[in-house]
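*Asks:* Here is a sequence with its predicted model. Questions after.
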Amino acid sequence: QVQLVESGGGLVQAGGSLRLSCAASGRTLSSYFMGWFRQAPGKERDFVAVISWSGLNQVYADSVKGRFAISRDNAKNTVYLQMNGLRPEDTAVYYCAATIGENLREFWSYHDWGQGTQVTVSS
């Protein structure tokens, strides 16, 4: 089991940027696909982005493509989500999660989750 802790959330104005971090302990992340999801109040948990174990491949939700960038540093056991051009509709709790693979856009495919970090974008 991997323990994941997100950080970096906060309040930002529309058009601003935030960088989320997800630090892992317990096991090395290098064998896992790592994803970011988000959940707004009253809504389902939505896929945001995923990165392969090597970091060479990334997939993004259409809603964040071109604005967000996922990256990882396996030496630091950390995954990042750089968020630029933030919009009010990006407001949500952001979660990182780990999976060994398959159905990478589906939250139920992920077996380890962090506690989440709140991102609020004001208009």
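*Replies:* Received it, and whenever you're ready, just let me know what you need.
*Asks:* Need the outlier residue of this protein, farthest from its centre.
*Replies:* Among residues of the chain, the one most distant from the C-alpha centroid is Ser123; the distance is 22.4 Å, by CA atoms, centre = their mean.
*Asks:* For that one, which non-adjacent residue is spatially closest?
*Replies:* Here the nearest residue to Ser123 in space, its sequence neighbours aside, is Pro88; by CB to CB, 6 or more residues apart in numbering that works out to 4.8 Å. Every C-beta, even on glycine, is put in place using the N, C-alpha and C of the backbone.
*Asks:* residue contacts, the most centrally placed residue in the chain?
*Replies:* In the chain, the residue lying closest to the centroid (CA atoms, centre = their mean) is Trp36, at 2.3 Å. By CB atoms under 8 Å, 6 or more residues apart in numbering, Trp36 lies in contact with Leu20, Cys22, Val48, Ala49, Val50, Ile70, Val79, Leu81, Tyr94, Tyr95, Cys96, Ala97.
*Asks:* quick one: which of those residues has the most company?
*Replies:* Highest neighbour count within the contacts of Trp36, by other CB atoms under 10 Å: Cys96, with 32 neighbours.
*Asks:* picking that back up, would you give the sheet partners of the helix or strand that contains the residue nearest to the centre of the chain, along with the direction of each?
*Replies:* Per DSSP states H and E: Trp36 is located in strand 33-39. In the sheet containing strand 33-39, the strands it pairs with under DSSP bridges are strand 45-51 (antiparallel), strand 92-99 (antiparallel).
*Asks:* and Thr91, backbone torsions?
*Replies:* Taking degrees, to the nearest 10, you get phi -60, psi 120 for the backbone angles of Thr91.
*Asks:* what about the protein, any weak spots by pLDDT?
*Replies:* In the predicted model of the chain, no residue satisfies pLDDT under 70.
*Asks:* before we move on, the earlier item: tell me which of the strands paired with strand 33-39 sits nearest to Gln13.
*Replies:* Minimum separation from Gln13 across these (CB to CB) falls at strand 92-99, 16.4 Å.
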